[in-house]
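A.B. asks: make a model of this:
(chains A and B)
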Number of protein chains: 2
Amino acid sequence: MEKINVAEKFTLFNDYWSPQIAGELNGQQVKLVKFKGPFTWHHHENEDELFYVVKGSFDMEFRDRTVTLNEGEFIVVPRGIEHRPNAKEEVHVLLFEPATTLNTGNVENDFTKKELGRL
Amino acid sequence: MEKINVAEKFTLFNDYWSPQIAGELNGQQVKLVKFKGPFTWHHHENEDELFYVVKGSFDMEFRDRTVTLNEGEFIVVPRGIEHRPNAKEEVHVLLFEPATTLNTGNVENDFTKKELGRL
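C.D. replies: Okay, the predicted model is just below:
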């Protein structure tokens, strides 16, 4: 039951697209991740995902539109909805999602991370 | 599937200890709440709770110690653990917890909010 300083935790890793577990509750996890560039199009069959921008900004691309998320903003992407995060510059994002969530959802490729670090 | 600007949402209500629903996913809710002063001692039988400080700071009191949470920090309070938030000055907090969570947990008193607003 220690407090977590989010900015400090972001200094502990540098890899992009590599979510790190920062907290756990009710079968859900808080993950911290750095985005840069375009990710891979994917969806999650059974999980809704929350993206909260801690620092920077990025575009959440959907097939029919794009939502630009800035610092202090979040979006919930419901299960089944195809999406692709795309960051022109490095951005620090807090994820809230079920512990079962795979970062690339229904897709498996070089972006896929099955074993996550813990901060 | 709209983005939520957290700081903007905090301008929409003023009551202390009155959580407002700002998002929902996987049976969990994101709630925004303003604390000022001491809350009531309580615990939650079946829910872990996450407190993330958006602005300001507060003390999370436990029976055996106190953790001071500052802006950009969070803590997870596991189910069953007695706690009491206590804020010397107004603080803006984001909660992440199951939709079933009652703010005063096992206690019912003037602080109890059964019907929450939606932002």
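A.B. asks: flag every residue of chain A that's near chain B.
C.D. replies: Within reach of chain B by Cβ under 8 Å from any Cβ of the partner chain, chain A has these residues: A:1-7, A:23-26, A:28, A:30, A:47-50, A:52, A:54, A:62, A:67, A:69-70, A:72-78, A:81, A:96-98. (Each C-beta comes from the backbone N, C-alpha and C, glycine too.)
A.B. asks: name only those of those residues that count as buried.
C.D. replies: A:4-6, A:23-26, A:28, A:30, A:47-50, A:52, A:54, A:67, A:69, A:72-77, A:96-98 (16 or more other Cβ atoms under 10 Å in any protein chain shown).
A.B. asks: inside strands: which ones of the residues you listed?
C.D. replies: Among these, the ones falling in strands (DSSP state E) are A:4-5, A:23-25, A:28, A:30, A:49-50, A:52, A:54, A:67, A:69, A:73-77, A:96-98.
A.B. asks: and the spatially most central residue of chain A, how far is that from A:Ile81?
C.D. replies: Central residue of chain A (Cα atoms, centre = their mean): A:Leu95, 4.6 Å from the mean position. Using Cβ to Cβ, to the nearest Å, A:Leu95 is found at 15 Å from A:Ile81.
A.B. asks: where does pLDDT dip in chain A?
C.D. replies: Across chain A, nothing is flagged by pLDDT under 70.
A.B. asks: try it again at 90.
C.D. replies: Regions of chain A meeting the criterion pLDDT under 90 cover residues A:1.
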